Every structure is written in C-alpha cells, then in structure tokens.
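**Q** Provide a 3D model corresponding to the input given below.
(one chain, ligands or ions: 1)
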Amino acid sequence: MTPLIVGNWKMNMTISASASYVAELLPLLPAGADREIALAPSFTALQAVSSLLVGSPVRLAAQDLFWEDFGPYTGEVSPVMLQEIGVEYVLIGHSERRVHLWEDDPMIARKVRAALRAGIGPIVCVGEQQDARRAGRAASLVRAQVLAAYEDVPAEDVHRLAVAYEPIWAIGSGLPAAPEDAQEMHAAIRGALTGLFGAPGGEIRILYGGSVTPDNVDSLMARPGIDGVLAGGASLRAAEFARITSFLPGGK
Ligand code: PEP
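**A** Numbers count the residues shown, from 1 in each chain. Predicted structure coming up:
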C-alpha cells in the first residue's frame, strides 16, 4: 500500500501565499514514488495551485464538496467543478465541519457518493471527542462513523476510498494520540472496513491526523496500520510539510 500524506490548509492562505508556498515546497519534496502527497488548499486557491502542480508529483485535494452536481445551492461547490480543475481527493466530514457546520452522517454519506460520481477519491474524517475516549466509547463511535459514510459504496469504488482517523482532542492541540493508541483505533477502523467490503477493505488507506509534526511523524508512520497522515497546522509551513512527507519508511 502506498502511504498517503495530505496537507490540509484549512481556511488559510490567499492565492498569492499559496503560490509562494508551492514554489518553496516542490524542490524540498523527496524523490521517488514510494509515497503519495496531496495538498488541500482553500477553494479560492484550488485553480492556481492546480496550475502550479502540473508536472509535479503532488496531487490536489479539496477540503469539502456538495452532494449535488448543479442547482439552487447558493454558496456550495460542486464535485463536477472540482473535478474540472484537477481535484483528485476530497476531505469529507472533517470534525471542524461536523462541529461548526453541523454536518451529520447522512450528509457525509451523500458527499461520498457525489465525490465518487465525479471520480474524486473521498477521504472521510472520523474521530471521537475526549469524553467518548474516557468513557471507552472511542472505537465503537468511530466504527459507526465509518459504516455510515461507506456502507452504500459499490464494490467497484472501494479501491478509491480512504479514511482519516482524527481524534478531535488531538486536532490543533499539540497533543497527538500516542502511536500505540492510534494503531489500536486504526485496527478498529480496519475491522469495520473489512466487515463492510471483505478483502478489498484491507486495501483502503487509513491516515492518522491530529497534531502531526516533523518530530512525531516517523514514530506514527512506523506503526503497522497507519497508512499515511493528514497534517493541518504543520502543513502551513512548506519546510515542515516537506519534512513530514519525508518520513522514514519504518517498514513501509
Ligand atoms: C486537520 O486539520 O485535519 C488536522 C489534523 O489539524 P492539526 O494537524 O493542526 O492537528
């Protein structure tokens, strides 16, 4: 399985800042095809970043999409529009959207179907709040989020799916999950995916996200079952993100 490293810029960086970042990042990236790298800029910078990434190994990701292709949905962005500008992956159900924009599991499932219809690979974000973890409900909650997002996906699309395990208490807090705890949660997610899809569910990449930095990426990526990372804050600085993409293989 090729590891996938994604930088989620969230609501940061203007078009000009995005362009400077890409110019700084590209020469710093590791050579070789043993890992896949993607950037998720803001919607307004997607087109510019798309042009700047032509000929580079970096793929373009969006941070969200809407579940319809066209229509009276003021302010929303269509999967077809994203596909037209070269978007290959999309984050769906990020906890910041679940919390601030009330995205729920049925909406997330609709967005998954819309992404697949447009040929875009969904990266569904799942994760528990701290109180659920303390109550011993983290694994069951996250499994339920995965099942709700992916239960309707037809067999021919399974190879295009990914999951990002992002404990909410770890996002932006500087307190990442311990690698062994992340590994345990990834195993629970893997169980949900193979339960849904059989053997092909074993090939879906499961990324870890939540305060990933150049200092902890190697120990996370050394864990079996962690197939990549989704970095937020640390991806805003090109040199730091380049170091994250240069994680030491650790058996992968
Ligand atoms: C994220 O936004 O998906 C994320 C993991 O953020 P951070 O790396 O800043 O915790």
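
**Q** Setting aside sequence neighbours, what's the nearest residue to Ala23?
**A** Leu52 (7.4 Å; C-beta to C-beta, 6 or more residues apart in numbering). For the C-beta atoms, the positions are set from N, CA and C on the backbone; glycine is no exception.

**Q** which SSE is that neighbour in?
**A** Using DSSP states H and E, Leu52 maps to helix 43-53.

**Q** so where do the helices sit in this structure?
**A** Secondary structure of the chain (DSSP state H): helices at 15-25, 43-53, 79-84, 95-100, 105-117, 130-134, 138-150, 179-197, 217-221, 238-245.

**Q** looking at it, Leu248 is touching Asp218, isn't it?
**A** Yes: contact criterion C-beta atoms under 8 Å: Leu248 and Asp218 qualify, at 4.8 Å.

**Q** Compare neighbour counts for these two and give me the winner.
**A** Taking other C-beta atoms under 10 Å, Leu248 and Asp218 do not tie; Asp218 has more neighbours (16 against 11).

**Q** can you pull the pLDDT of the more buried one?
**A** Per-residue pLDDT puts Asp218 at 96.

**Q** which residues does the residue in the chain positioned nearest to the ligand contact?
**A** Closest residue of the chain to the ligand, C-beta to the nearest ligand atom: Gly232 (2.2 Å). Listed by C-beta atoms under 8 Å, 6 or more residues apart in numbering, the contact partners of Gly232 are 8-10, 171-172, 209, 212.

**Q** From Asp152, how far off is it?
**A** 29 Å (C-beta to C-beta, to the nearest Å).

**Q** just to revisit the earlier point, make CSV out of the helices of the chain and add distance to Glu68.
**A** Shown next, in CSV, are those (distance: least, C-beta to C-beta, whole Å):
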stretch, distance to Glu68
helix 15-25, 27
helix 43-53, 16
helix 79-84, 9
helix 95-100, 17
helix 105-117, 7
helix 130-134, 32
helix 138-150, 18
helix 179-197, 25
helix 217-221, 36
helix 238-245, 33
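
**Q** Tell me which other helices or strands the helix holding Leu52 touches.
**A** Counting contacts by 3 or more C-beta pairs under 8 Å, 6 or more residues apart in numbering; DSSP states H and E, helix 43-53 is packed against helix 15-25, strand 58-62.

**Q** Point out the most buried one among those.
**A** A comparison of these by mean neighbour count, using mean count of other C-beta atoms under 10 Å, puts strand 58-62 on top with a mean of 22.

**Q** For the stretch 151-252 of the chain, list the residues in contact with the ligand, please.
**A** Listed as neighbours of the ligand in the stretch 151-252 of the chain under the rule C-beta under 6 Å from any ligand atom: 166, 171-172, 209-212, 230-234.

**Q** ok, back up a step: ok, and for the helix holding Leu52, which residues are buried?
**A** 43, 45-46, 48-50, 52-53 (16 or more other C-beta atoms under 10 Å).

**Q** got it, and stretch 89-99?
**A** Within stretch 89-99, the residues that count as buried by 16+ other C-beta under 10 Å are 89-98.
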